[in-house]
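Student: With the sequence up front, the predicted model follows.
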Amino acid sequence: MLYIITGLPFSGKSTFAKELVRRYGFERTSVDKMMNKRHLDAPNMTQKDWNLVYSEAYGELESLLKAGKTVVFDGGSLLKSERNTIKSIAEKYGVSWKLIYINTSIEEIAHRRKKNLVSQERDQLSDETMDKAFEMFEEPTPDENYITYDQSVNLDKWIDENIAVK
C-alpha cells in the first residue's frame, strides 16, 4: 500500500506521516529528507534543485514498493500532476494507493510558522515561498479519490477508521 500525503507547508504532513510510521512500521519517503541529504533549504532552492530532490524521492519510493513495502510518501505534492506521478509509480508495481489531504486552515498554518520562528523545528519558509506554495497548490479533486484529515477530528479515531492494516 502507498499512502500519499498532500497539503500546504506547515499543514502537518510530516507529523501525520511519522505517526503512521510509528504506529505501523511503514516506510517513509520524504522530500525533506532528500533536501537535508543535499544540504538544501527550500527558500534558496532552484527549480533544478526541486526536480533533483523529487527525482530522488521517486527513486526511493520505487525501490521500496518494488521490495513489497508499505510506504508513506511525505512531500508537498502541491500539484495534481505530482500526485499523478506518484500514483503511476504505485500502479507500475501493482500497489494500491490512498491520497490523504491534510486540510489545515490558513490561520493554523500562520500560527505554526510563527511558533517555528522560536522553536526552529523545521526550515522556516519565507513569505515569498509560502505565497508561491499557496498560489501553486491544487486542492485534490473528486476524481483523485482522496480522503481528508482535518485536525479538528481525533487522530486516533481517524486513523482507525481510514488506515487499513492487515
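Tutor: Yes, it's here. As the structure is a computational prediction, the values presented were derived from the model and not from experiment. Numbers count the residues shown, from 1 in each chain.

Student: Can you read off the backbone torsions of Met136?
Tutor: For Met136, the backbone dihedrals (degrees, to the nearest 10) come out as phi -80, psi -30.

Student: so it sits right up against Leu79, yeah?
Tutor: Yes: here Met136 reaches Leu79: they are 6.5 Å apart, a contact under C-beta atoms under 8 Å. All C-beta atoms are positioned from the backbone trio N, CA, C, and that covers glycine.

Student: how about the helices in this structure?
Tutor: Per DSSP state H, the chain carries helices over the ranges 13-24, 31-37, 47-66, 80-92, 106-119, 127-136, 155-162.

Student: could I get those helices as TSV with mean neighbour count, distance to Leu99 and mean pLDDT?
Tutor: Listed next are those as TSV, based on neighbours: other C-beta atoms under 10 Å; distance: least, C-beta to C-beta, whole Å; pLDDT from 0 to 100:
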stretch	mean neighbour count	distance to Leu99	mean pLDDT
helix 13-24	18	12	93
helix 31-37	18	16	89
helix 47-66	16	14	93
helix 80-92	16	6	96
helix 106-119	12	20	88
helix 127-136	13	17	86
helix 155-162	12	12	91
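
Student: Would you mind giving these as TSV with distance to Ile4 added?
Tutor: Formatted as TSV, those follow (distance: least, C-beta to C-beta, whole Å):
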stretch	distance to Ile4
helix 13-24	10
helix 31-37	12
helix 47-66	10
helix 80-92	5
helix 106-119	20
helix 127-136	17
helix 155-162	13
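
Student: and Asn145, which of those is closest to it?
Tutor: Smallest distance to Asn145 across those (C-beta to C-beta): 9.6 Å, for helix 80-92.

Student: So what touches that closest one?
Tutor: Here helix 80-92 makes contact (C-beta atoms under 8 Å, 6 or more residues apart in numbering) with 2, 4, 6, 54, 58, 61-62, 65, 73, 75-77, 96-97, 99, 138, 140-141, 144.

Student: hmm, 7 Å instead?
Tutor: Contacts of helix 80-92 with the rest of the structure, by C-beta atoms under 7 Å, 6 or more residues apart in numbering, involve 2, 4, 6, 58, 61-62, 65, 73, 77, 97, 99, 138, 144.
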